[in-house]
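>>> what's the 3D shape of this:
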Amino acid sequence: MKKLVSLFGGFLAAILFVLPFQEGIAGVVIEQAVKDRDGNASNVFLYFSDYQLRTDHPEGGLSTIMDLKDDRLIMIDHRSRSYVDMKFSQWQEEVSKRLKKESPGIKPKARKIVVKRAGESAVINGFQTEKIQIWADGELMEENWVTRDVDMREFEKVMEKVAQGLSKEFRSDTKEGQEIYEKLKPYGFPILVKDYAITYGLGPVNVLEVKKIERKDLKEDIFLPPPDYRRVIPEVPKK
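I've put the predicted structure just below:
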């Protein structure tokens, strides 16, 4: 349980469009290549449909599903063929408590965030992109190669619902990330993200690259756990 919650938390922090099926629902599929702060590379597949979001991490054998309408969070461990099914509001409450316990009374220093065009363009994976830089207190922390080639309103709708669904307490812990997202959104959707903060300015590290985006009718069961998997009941933390 702790492993699944931790990995899902990382996804949020780290936390990014076909033939119809009769039982299908309209959606968007994004294929990404991501790299964590230790340099480990992996593929991630994201599925969006209205109020539902699913992410698959094939290398880690993990999937997460959010149903914002029903306040539901499902974390699937394919290796053990098991899953946790809980309220999304309950999950964020547990994460907020853990953050308080790990850093009692400590709040990150607010930094001045500036997002601006760099005057460069490039074609990446078939997308026409332009380079947007993100500065924090005068230091270059990130560059995003963004595109307007695709209509990402479906993605933005889901992400806005995610932000609205988070408690005020939880949102305060990710305030800077939300500010960057809102300031970057008018320029387009990130296809390639280079992080300078990881190397302390010595050079950028590619942390996210979108390989493919497609609109696709999704089967309804893609937002459900496999029927032959075992449900695990999470332990209630002791007071």
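>>> make it CA atoms for all contacts and neighbour counts henceforth
Fine.
>>> Flag the shaky bits of this protein, pLDDT-wise.
Scanning the chain for pLDDT under 70 picks out the ranges 1-25, 99, 102-108, 154-155, 157-174, 198-204, 235-239.
>>> Show me where it has its strands.
Per DSSP state E, the chain carries strands over the ranges 24-35, 41-49, 52-57, 62-67, 72-77, 82-87, 113-124, 127-136, 139-147, 189-195, 205-219, 230-232.
>>> Now do the contacts for the nearest residue to Gly61 once chain neighbours are set aside.
Beyond its immediate neighbours in the sequence, the residue positioned closest to Gly61 (CA to CA, 6 or more residues apart in numbering) is His78, lying 5.1 Å away. With contacts defined as CA atoms under 8 Å, 6 or more residues apart in numbering, His78 is in contact with 61-63.
>>> Next one: Asp77 from Gln92, what distance?
Look at Asp77 and Gln92: by CA to CA, to the nearest Å, they are 19 Å apart.
>>> what does Lys109 give?
Using CA to CA, which is the criterion applied here, Lys109 is 22 Å from Gln92.
>>> Look at those two and report which has more neighbours.
Neighbours around Lys109 and Gln92, counted as other CA atoms under 10 Å, are more numerous at Gln92. The numbers are 19 against 7.
>>> my guess is Asp195 meets Glu143, correct?
Yes - when contacts are counted by CA atoms under 8 Å, Asp195 is listed as touching Glu143 (6.6 Å).
>>> what's the neighbour count on Arg72?
Residues within reach of Arg72, counting by other CA under 10 Å, total 17.
>>> again, but for the one 5 residues further on
Asp77 has 20 neighbouring residues, counting by other CA under 10 Å.
>>> which secondary structure elements does the longest helix along the chain contact?
Assignment by DSSP state H gives helix 88-102 as the longest helix of the chain. If contacts are counted by 3 or more CA pairs under 8 Å, 6 or more residues apart in numbering; DSSP states H and E, helix 88-102 sits against strand 72-77, helix 168-173.
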